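Trainee: Build me a model:
(one chain, ligands or ions: 3)
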Amino acid sequence: MADKIKNAKIVFVVGGPGSGKGTQCEKIVAKYGYTHLSSGDLLRAEVASGSDRGKTLQAIMQKGELVPLDTVLDMIKDAMIAKADVSKGYLIDGYPREVKQGEEFEKKIGAPALLLYIDAKGETMVKRLMKRGETSGRADDNEETIKKRLDLYYKATEPVIAFYEQRGIVRKINSELPVDEVFAIVEKAIDELK
Ligand SMILES: Nc1ccn([C@@H]2O[C@H](COP(=O)(O)OP(=O)(O)OP(=O)(O)O)[C@@H](O)[C@H]2O)c(=O)n1
Ligand SMILES: Nc1nc2c(ncn2[C@@H]2O[C@H](COP(=O)(O)OP(=O)(O)O)[C@@H](O)[C@H]2O)c(=O)[nH]1
Ligand SMILES: [Mg+2]
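Mentor: Ligands and ions are numbered 1, 2, ... in the order given. The predicted model follows:
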């Protein structure tokens, strides 16, 4: 089954919480028809299902901690396989969260062709998340959990960017700009892929 996705174009979308990953992914889907897989959304769907596994996940996410690697990776892989026949490429949003997650993804699925590094200042991300929290209904969009998510991002996820920089596949995107200007930079990076 995994053979079906071996030659797929894979783009990792990495950035801090609230940096604008989801926003840019939506725009990429609209223009390029890629399949968007947000690891956070996959986990939230499991929580919403009310399963026992979902209850365990909920507790971890509420604290802003990382869910066990195998859980997330299996979910992403299943979702990729489900779309293999129709997908022009995959946007893997919010994964890898740590270098080890990237290594395991490559062992089980394949290597990314591009890493979009969505970069905003810490204070910008906090502001956006507090605003999003007014309507998102997300249990982790509150001041205390946001702080933990940011700390974990700097500690565990930023090293992921350095890891892939050695391979020359990182494109840094300044997401302090208005959404459409950010997307103009994103488009250039995706167009280079073809
Ligand atoms: N690979 C992943 C992705 C998500 N999570 C869990 O799911 C939560 C929410 O993830 P995500 O939706 O990706 O959140 P953020 O990147 O913080 O922000 P956003 O949803 O806005 O992209 C994380 O804090 C973490 O607990 C995880 O453990 N491992
Ligand atoms: N000004 C500005 N706001 C943005 C931009 N991208 C996202 N936002 C806002 O920031 C919040 C978080 O964006 P989201 O895409 O959910 O970020 P994610 O956490 O990285 O997936 C949303 O409420 C957006 O409206 C951007 O490029 N510029
Ligand atoms: Mg998101």
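Trainee: And whichever residue of the chain sits closest to ligand 1, which helix or strand is it part of?
Mentor: Per Cβ to the nearest ligand atom, Gly40 is where the chain lies closest to ligand 1, at 1.8 Å. Any C-beta I mention is one placed from the backbone N, CA and C, and that applies to glycine too. Assigned by DSSP states H and E, Gly40 belongs to helix 39-48.
Trainee: contact partners of that helix?
Mentor: Under the contact criterion Cβ atoms under 8 Å, 6 or more residues apart in numbering, helix 39-48 has outside partners 53-55, 57-58, 61, 67, 71-72, 75-76, 79, 92-95, 97, 138.
Trainee: The same query, at a cut-off of 6 Å, please.
Mentor: Gly54, Leu57, Gln58, Val72, Met75, Gly94, Tyr95 (Cβ atoms under 6 Å, 6 or more residues apart in numbering).
Trainee: Convert it to PDB, retaining C-alpha atoms only.
Mentor: Extracted C-alpha coordinates of helix 39-48, given in PDB (Å, rounded to 0.1, in the frame of the first residue of the first chain):
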ATOM      1  CA  SER A  39      -1.400  16.700  11.900                       C
ATOM      2  CA  GLY A  40      -3.200  18.800  14.500                       C
ATOM      3  CA  ASP A  41      -6.500  18.500  12.600                       C
ATOM      4  CA  LEU A  42      -6.100  14.700  12.400                       C
ATOM      5  CA  LEU A  43      -5.600  14.500  16.100                       C
ATOM      6  CA  ARG A  44      -8.500  16.800  16.800                       C
ATOM      7  CA  ALA A  45     -10.700  14.600  14.700                       C
ATOM      8  CA  GLU A  46      -9.700  11.600  16.800                       C
ATOM      9  CA  VAL A  47     -10.500  13.600  19.900                       C
ATOM     10  CA  ALA A  48     -13.900  14.600  18.500                       C
END
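Trainee: Quickly name whichever of the contacts of helix 39-48 is closest to Gly20.
Mentor: Gly94 (12.0 Å; Cβ to Cβ).
Trainee: who touches the closest one in this structure?
Mentor: Counting by Cβ under 6 Å, 6+ apart, Gly94 makes contact with Ser38, Ser39, Gly40.
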